[in-house]
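J.: Give me coordinates for this.
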Amino acid sequence: MYNIKLVPLKWDSDFFGYNVAKLEVAGGEVPTFLSTSGYRLVYVFSDKPIIGLEQNLMDKKANFYTKISSNKELVNKTLLIEPFDKQKHSYNELINLTLESGVFSRFFVDKNFVNDEYSRLYTKWIENSVSKVSALEVFVAVEHKKILGFITLTKKAEDLADIGLLAVSPEARGRRVASTLIEHAKISALHHGFEQMQVVTQLDNEPAVKLYKSTGFELNELTFIYHIWNNDTI
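T.: Okay, here's the model as predicted:
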């Protein structure tokens, strides 16, 4: 007998303008009698693939982890990396990079989102990061006053830092901008007193997975996320 209950998500519901809930299951099993009535969208989180819901799979969320070493050096010492400053840097460039960063996001992949949810969500994310509502630091890599890339550093737990957002301009790729931003974030995390760091990406985002592995991260946890809309059946 299952003891499963949908958990309402107030923030998501308020932000999107319709009722959203989440469901966490183990072993890739969802009870056939589960009702999503009252919710337009339900996120289902599972530690294993769920047979029969393949078309609803929107994300294989990969959590990468590393211990931070104190002897790290920046990969590209010629890059100027500094905290984002609205008076000095282009906020529009930062927004555009943010929107480019999430093309593997389930909020972008799922075409059932038709109210510009992805753009609004990621814009809010970077706004909260810049204002330090959700981030400790936002660092930008700058060349000729143009932002080549950026990274956000947040606090996940007392001893655990988190990379929230990371993006590099297409014309700057291949110059190790992302690697340098990551190492800069690690140094900053050490200064903040953290000894561990995590980052979450999508397993299907092969360039990101390769990047994090090359900078010392190891896969720690994999979660399969499904979107069940109110016109779907389980």
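J.: Which residues does the helix or strand hosting Lys210 contact?
T.: Lys210 belongs to helix 206-214 when assigned by DSSP states H and E. For helix 206-214, the external contacting residues (C-beta atoms under 8 Å, 6 or more residues apart in numbering) are 62, 64, 104, 166, 178-179, 182, 199, 201-203. (C-beta placed from N, C-alpha, C; glycine too.)
J.: Those in helices, which ones?
T.: When the contacts of helix 206-214 are checked against helices (DSSP state H), the matches are 178-179, 182.
J.: Report the rounded mean pLDDT for the helix holding Lys210.
T.: The average pLDDT within helix 206-214 is 96.
J.: related to what we said a few turns ago, compare the ones in helices among the contacts of helix 206-214 and tell me which is most surrounded.
T.: Note: the member of these with the most neighbours is Ile182, at 26 neighbours, neighbours being other C-beta atoms under 10 Å.
J.: right, and that one touches Ile163 too?
T.: Yes. Using C-beta atoms under 8 Å, Ile182 is in contact with Ile163, at 7.1 Å.
J.: where do the contact lists of those two overlap?
T.: Ile151.
J.: where exactly do the strands run in this protein?
T.: 7-8, 20-25, 41-46, 57-67, 80-83, 137-143, 146-157, 160-168, 196-202, 218-229 (DSSP state E).
J.: on that earlier part again, out of the contacts of helix 206-214, which end up buried?
T.: The neighbour-count test (16 or more other C-beta atoms under 10 Å) marks 62, 64, 104, 166, 178-179, 182, 199, 201-203 as buried among these.
J.: follow-up on the earlier one: for the contacts of helix 206-214, could you give me CSV that also reports distance to Asp159 and pLDDT?
T.: Formatted as CSV, the contacts of helix 206-214 follow (distance: C-beta to C-beta, whole Å; pLDDT from 0 to 100):
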residue, distance to Asp159, pLDDT
Ala62, 21, 98
Phe64, 17, 98
Phe104, 29, 95
Leu166, 21, 97
Ala178, 25, 95
Ser179, 24, 94
Ile182, 19, 96
Val199, 16, 98
Thr201, 22, 97
Gln202, 26, 97
Leu203, 26, 97
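J.: Adding distance to Ser46, write the residues you listed out as JSON lines.
T.: Below are the contacts of helix 206-214 laid out as JSON lines (distance: C-beta to C-beta, whole Å):
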{"residue": "Ala62", "distance to Ser46": "14"}
{"residue": "Phe64", "distance to Ser46": "19"}
{"residue": "Phe104", "distance to Ser46": "19"}
{"residue": "Leu166", "distance to Ser46": "26"}
{"residue": "Ala178", "distance to Ser46": "30"}
{"residue": "Ser179", "distance to Ser46": "32"}
{"residue": "Ile182", "distance to Ser46": "29"}
{"residue": "Val199", "distance to Ser46": "21"}
{"residue": "Thr201", "distance to Ser46": "18"}
{"residue": "Gln202", "distance to Ser46": "15"}
{"residue": "Leu203", "distance to Ser46": "14"}
